[in-house]
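Visitor: Could you work out the structure for the sequence below:
(2 chains)
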Amino acid sequence: DVKVTQSSRYLVKRTGEKVFLECVQDMDHENMFWYRQDPGLGLRLIYFSYDVKMKEKGDIPEGYSVSREKKERFSLILESASTNQTSMYLCAISPGQGRSEAFFGQGTRLTVV
Amino acid sequence: AQSVAQPEDQVNVAEGNPLTVKCTYSVSGNPYLFWYVQYPNRGLQFLLKYITGDNLVKGSYGFEAEFNKSQTSFHLKKPSALVSDSALYFCAVRPGGATNKLIFGTGTLLAVQP
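Guide: Numbers count the residues shown, from 1 in each chain, chains lettered A, B, ... in the order given. The predicted structure is shown next:
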């Protein structure tokens, strides 16, 4: 079974805090993704990484950064959390080959107060 | 711009009736197409995919989807709906070419009434 583990299911943070969301995989897949999910907007890609230390911006990177120092771990960083970043955050992984499906973590519901 | 459209926010169907959840896409090249399902407070689960070959693909839980290149559509279908099929369904596209980026639609809530 593929395992994509997100460090927290629920988080509550204060405005202005620096927030770290962690994602760890056990499949040795090249690609890792961070999405946010909001009602009516579907899943929007924040950042993705196709290799260690490599990253590309998605559709909504503003206010976020990422880090991938090891192949199995991909971190999403909210530099200064704001209330409009309250959302469900989903991590996904996929092999380098494009025809393979992605596998998702359980999600982190972040509330910024 | 590359995009995926799911024109219905919600689909209601009676248990035992056939269901269709619609998806159209606008991407360059020959895309790979996917359907995912999400149950409450859970991550997304893969249902099925179209890569190449037969336009009708079969997936998990009795679902199938039909790829139509001329209409750029990939509708999800099931011959007989179950109450337990009630969930949020997402269509996703990986555009042709070198990118591994996966683009999602906005989701369709399927409600199956007993």
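
Visitor: Could you tell me how many residues sit around residue A:3?
Guide: 11 (other C-beta atoms under 10 Å in any protein chain shown). C-beta here means a position set from N, CA and C on the backbone, and glycine is covered the same way.

Visitor: For it, give me the pLDDT.
Guide: If you check residue A:3, the pLDDT there is 88.

Visitor: In contact with the residue lying closest to residue A:96 once chain neighbours are set aside, which residues are there?
Guide: Closest residue to residue A:96 apart from its sequence neighbours, by C-beta to C-beta, 6 or more residues apart in numbering or on different chains: residue A:30 at 4.0 Å. By C-beta atoms under 8 Å, 6 or more residues apart in numbering or on different chains, the contact set of residue A:30 is A:50-51, A:71, A:94-96, B:100.

Visitor: Which two of the residues you listed have the greatest separation?
Guide: Between any two of those, the greatest separation by C-beta to C-beta is 15.0 Å, found for A:71 and B:100.

Visitor: Compare those two (neighbour count), which wins?
Guide: A direct count of neighbours by other C-beta under 10 Å for residue A:71 and residue B:100 places residue B:100 higher, at 21 against 14.

Visitor: can you list the residues of chain B near chain A?
Guide: Neighbours of chain A within chain B, by C-beta under 8 Å from any C-beta of the partner chain: B:6, B:9, B:32, B:34, B:36, B:41-46, B:49, B:51, B:90, B:92, B:94, B:99-107.

Visitor: Separate out the buried members of those residues.
Guide: B:6, B:32, B:34, B:36, B:43-46, B:49, B:51, B:90, B:92, B:94, B:99-107 (16 or more other C-beta atoms under 10 Å in any protein chain shown).

Visitor: Going along the chain, name the strands of the chain.
Guide: Reading this off chain A. A:4-6, A:10-13, A:19-25, A:31-38, A:42-51, A:54-57, A:64-70, A:73-78, A:87-94, A:103-104, A:108-112 (DSSP state E).

Visitor: my bad, the chain I had in mind was chain B
Guide: Under DSSP E, chain B gives strands at B:3-5, B:10-14, B:19-21, B:24-26, B:32-38, B:44-50, B:56-58, B:64-68, B:73-78, B:87-94, B:103-104, B:108-113.

Visitor: Generate JSON lines for those, with mean pLDDT as supplementary columns.
Guide: Below are the strands of chain B laid out as JSON lines (pLDDT from 0 to 100):
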{"stretch": "strand B:3-5", "mean pLDDT": "92"}
{"stretch": "strand B:10-14", "mean pLDDT": "98"}
{"stretch": "strand B:19-21", "mean pLDDT": "98"}
{"stretch": "strand B:24-26", "mean pLDDT": "94"}
{"stretch": "strand B:32-38", "mean pLDDT": "95"}
{"stretch": "strand B:44-50", "mean pLDDT": "94"}
{"stretch": "strand B:56-58", "mean pLDDT": "95"}
{"stretch": "strand B:64-68", "mean pLDDT": "96"}
{"stretch": "strand B:73-78", "mean pLDDT": "97"}
{"stretch": "strand B:87-94", "mean pLDDT": "95"}
{"stretch": "strand B:103-104", "mean pLDDT": "90"}
{"stretch": "strand B:108-113", "mean pLDDT": "97"}
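
Visitor: can those strands go into CSV with extra columns for distance to residue A:42?
Guide: As requested, these are exported to CSV (distance: least, C-beta to C-beta, whole Å):
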stretch, distance to residue A:42
strand B:3-5, 8
strand B:10-14, 14
strand B:19-21, 13
strand B:24-26, 13
strand B:32-38, 11
strand B:44-50, 11
strand B:56-58, 22
strand B:64-68, 18
strand B:73-78, 15
strand B:87-94, 7
strand B:103-104, 5
strand B:108-113, 10
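
Visitor: I am finished for the moment; much appreciated.
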